[in-house]
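> this one's structure only:
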């Protein structure tokens, strides 16, 4: 049985008194397109930062492709690609210079780095402004460049923190096509997103974190079955009641059921037209 | 229209816009809330304290200046020397117009047009913009100064008061409209990074040019007749500018030339009207929806050329070469850094063109021109420490890449240090060439001693710089000019290191000089350089480990966005 692509044991992170991530046990199998969901402030970005080496855990263990991230970070980092929250771009390089730089940082020789940089710029439709500095790129272009940089070395696992935020439909389509191609070739993708429709369309498996704790994990069908069983025993909530009979619950409805956001406050803004 | 229900009455009625009073009070309250909220952090409180101190200084400047100008005006009229009034007006004009420009260059200005998202008429917007200009400290100070002048003139000769009031009012209006127009045009130009950098560079060159005014003035003193002719023709031209007109008006009033004085006032009124129109057109453009800061910098579509490979740096590993290339590109693309690099040469030129006065630095270098190279090289080293002591500061969010990449932090620091060393070596070579041309080529023993001293000083600075880059990081923008001081801790440690380096170097050179063999100092520096390199090598590993241990602090400080200055760790 192959080692899990990503595994955490009691992964915990504290910021002073605040327990941001609370003993999370997560397992992602190789080849999965994995969505990591949670409301604002749930601990998603903190978890992904720990999994990519940007943040040290307070306690717990993380293994990536069987290698302990804390013990052997260099081996792990060679095999992963990351699009972090801040995109990690160098604003005063051109797109080509940046990709060349990243390629060489991952050990590619100069020729291969330049060749892949050119291909990626073409694929991401960024090659028509070769002399523009990254700082002058639009947000969507920067996101595409960050994505290109994350894959230039052919990583086995890709970590994406809100990859589709602020990206237009055309760019989003390009990114999705690339991600699906990577999955088809056996890569593992771990993404966080607030856009549940995208997660539902792309991901085979999801985990939901709420108030720092992992509250659900599995395939979308498994989560759906669990929620439907709970609804059957406890009665329908506002969210699941919205689903028509004989119609599958959407991921949004599943999510709302699990994190408890389905209950409306009852307060109405009567002055709002 | 069957099937379409009318909108509710509250929605279909045309909403009434807020009153001007409501808008003014909302903007005032907004500024107040921003101030109060800024006090939640220590940085905010320190900022307020420094503003209070600055405010005290401005108050003293305003009151002192007012009293001084009142006296100058009084005695100018009593002693029949109204030309001093014109000189004072020129000084005030320069301060009124240039000081706000200096402030704008150093930072991204407040985008006044952002207020346009609120429902307001053009006239309200116009008055808001005008009042915003009036409450500017520089404007208040200058208006007080003008009041002082008026009081002085009135005290000396009450009959001149109405005419002087008219002239000074015209002068004040010109300045208010001009400063607002200049500010809004600057806001337009500075909205784009590229134009901001270009203007910043022009501004810095202007500042450097001011340094040459002293030497030029001193040279003019040597040719008084020719200088007098030039100044006379210059003053004729200057009379047609607003301060010249206001000064001319006051001079004519003093000698009874009422008509001429009124004509000058009419000239001032014309200037005011013209500038008001200019201001009006700028404000109208903003009001009609111009949005500069949102626009991407115009970049023409260029045909994709063949992609170039990274630099081929033999002897360096791929990642080290890549970081070396990145660092060098960053430095070469930064106008402030380039400016910093030419400063040692500018200083040598300045000393060279200054007429020698005993005791002055210029005289010292002209007498001992062999030491021009060591002085320039030491200055170049001091300039580079700004970057060396905060080597992650300019990386911004790119710092995260170093943390997620498989390259050990030790190699990252090493590559950055190599790039800084290479840049310093080139800079020192340029200083050597410049000092050879401007003064004379340094003696071989002095050149050797200087090189050996640098081999001692630079590794020590790199070692301290690496530690401070990790323990006291501070984000800075390589494209921005000014207001980017290092942290206090970095400043202190940097100063201590420089004191140590300069102290040891001075002692070694002094002892060698006493023996009459300066080259001995060079020899003595070699073991010191070896020791300094050992210190560097040991601290490199420790700095790298500290960088990984303190990665959260580094990310929080370097990767934060401007509006997020007080956030430390963001969760989720």
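All right, it came through fine. Small disclaimer: the values here were computed from a predicted structure and weren't measured.

> so where's chain A shaky on pLDDT?
A:1, A:235-246, A:261-267, A:273 (pLDDT under 70).

> for the residue nearest in space to the middle of it, list each beta-bridge partner.
Central residue of chain A (CA atoms, centre = their mean): residue A:191, 1.4 Å from the mean position. For residue A:191, the beta-bridge partners are residue A:35, residue A:160 (DSSP bridges).

> looks like it contacts residue A:37 (just checking).
No: counting by CB atoms under 8 Å, residue A:191 does not reach residue A:37; the two are 9.6 Å apart. Placement of C-beta: from N, CA and C, glycine included.

> joint contacts of those two?
Overlap of the contact sets of residue A:191 and residue A:37 (by CB atoms under 8 Å, 6 or more residues apart in numbering or on different chains) consists of residue A:199.

> can you pull the residues of the stretch 101-250 of chain A lying near chain B?
A:101-102, A:104-111, A:113-115, A:117-118, A:121-122, A:127-133, A:135-138, A:149 (CB under 8 Å from any CB of the partner chain).

> can you select the buried ones from those in PyMOL?
Buried subset of these, written as a PyMOL selection, criterion 16 or more other CB atoms under 10 Å in any protein chain shown:
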select buried, chain A and resi 101+102+104+105+106+107+108+110+113+114+117+118+121+127+129+130+132+133+135+136+137+149
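
> and the residues of the stretch 101-250 of chain A next to chain B, which of them are in helices?
A:101-102, A:104-105, A:110-111, A:113-115, A:117-118, A:121-122, A:149 (DSSP state H).

> I'd like to know which of these is nearest to residue B:225.
For these, the closest approach to residue B:225 (CB to CB) belongs to residue A:101, at 62.2 Å.

> assign residue A:189 to helix, strand or coil.
Following DSSP: H, G, I helix; E, B strand; the rest coil, we place residue A:189 in the strand state.

> so how far is residue A:28 from it?
9 Å (CB to CB, to the nearest Å).

> can you give me the helices in the stretch 51-200 of chain B?
B:83-105, B:122-134, B:137-156, B:161-190, B:193-211 (DSSP state H, counting those that start in this stretch).

> is chain A within reach of the fourth one?
No: among the residues of helix B:161-190, none lie within reach of chain A under CB under 8 Å from any CB; the closest is 15.2 Å away.

> just to be sure, residue A:206 is in a strand?
Yes: counting by three-state DSSP, residue A:206 falls inside a strand.

> can you pull the contacts of it?
A:34-37, A:199, A:216-220, A:223, A:251.

> apply 10 Å and report the result again.
A:32-37, A:191, A:196, A:199-200, A:216-220, A:222-223, A:251, A:254-255 (CB atoms under 10 Å, 6 or more residues apart in numbering or on different chains).

> same deal with residue B:551?
A:49, A:53-56, B:399-400, B:402-403, B:409, B:470.

> need these in a markdown table with secondary structure and neighbour count, can you?
Shown next, in a markdown table, are the contacts of residue B:551 (DSSP: H, G, I helix; E, B strand; the rest coil; neighbours: other CB atoms under 10 Å in any protein chain shown):
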| residue | secondary structure | neighbour count |
| --- | --- | --- |
| A:49 | helix | 31 |
| A:53 | coil | 24 |
| A:54 | coil | 25 |
| A:55 | coil | 22 |
| A:56 | coil | 13 |
| B:399 | helix | 25 |
| B:400 | helix | 26 |
| B:402 | helix | 22 |
| B:403 | helix | 26 |
| B:409 | helix | 20 |
| B:470 | helix | 24 |
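
> how many other residues sit next to the closest residue to residue B:502 other than its chain neighbours?
Spatial nearest neighbour of residue B:502, excluding adjacent residues (CB to CB, 6 or more residues apart in numbering or on different chains): residue B:378 at 7.9 Å. Under the neighbour criterion other CB atoms under 10 Å in any protein chain shown, residue B:378 is assigned a count of 21.

> which element is residue B:378 on?
helix B:372-388 (DSSP states H and E).

> what about that helix, average pLDDT?
The average pLDDT for helix B:372-388 rounds to 88.

> for it, the distance to its chain's centre please.
20 Å (CA atoms, centre = their mean, to the nearest Å).

> tally of neighbours for residue B:157?
Neighbours around residue B:157, by other CB under 10 Å: 14.

> hang on, I meant residue A:204
What residue A:204 shows, counting by other CB under 10 Å, is a neighbour count of 15.

> who touches it in this structure?
A:29, A:31-35, A:183, A:189, A:219-221.

> can you select the buried ones from those residues in ChimeraX?
To isolate the buried members of these in ChimeraX, using 16+ other CB under 10 Å:
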select /A:29,31,32,33,34,35,183,189,220
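
> for the contacts of residue A:204, which one is nearest chain B?
Within those, proximity to chain B (CB to the nearest CB) peaks at residue A:35, which comes in at 15.1 Å.

> any idea how far residue A:212 is from the closest one?
For residue A:35 relative to residue A:212 (CB to CB), the value is 18 Å.

> what do you get for residue A:184?
Relative to residue A:212, and taking CB to CB, residue A:184 is found at 34 Å.

> which outside residues touch stretch B:529-539?
B:413-414, B:417, B:451-467, B:501, B:504, B:525, B:543, B:546.

> buried sites along it?
For stretch B:529-539, by 16+ other CB under 10 Å, it's B:529, B:532-533, B:536, B:539.

> list the contacts for residue A:99?
A:93, A:113-114, A:116-121, A:124, A:126, A:145, A:148-149, A:152, B:307.

> now it. Nearest residue, chain neighbours left out?
Using CB to CB, 6+ apart, the closest residue to residue A:99 is residue A:117 (3.5 Å).

> just checking, the residue nearest to residue B:502 touches residue B:461?
No: assessed by CB atoms under 10 Å, residue B:378 is found out of contact with residue B:461, at 11.6 Å.

> now do the shared contacts for the two.
B:454, B:498, B:501.

> sorry, back to before: which ones are touching the residue nearest to residue B:502?
B:344, B:428, B:431, B:450, B:453-454, B:457, B:498, B:501-502, B:505.

> can I get the buried residues of stretch B:529-539 in a markdown table including secondary structure and distance to residue A:4?
Converted to a markdown table, those look like this (DSSP: H, G, I helix; E, B strand; the rest coil; distance: CB to CB, whole Å):
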| residue | secondary structure | distance to residue A:4 |
| --- | --- | --- |
| B:529 | helix | 52 |
| B:532 | helix | 49 |
| B:533 | helix | 46 |
| B:536 | helix | 43 |
| B:539 | helix | 40 |
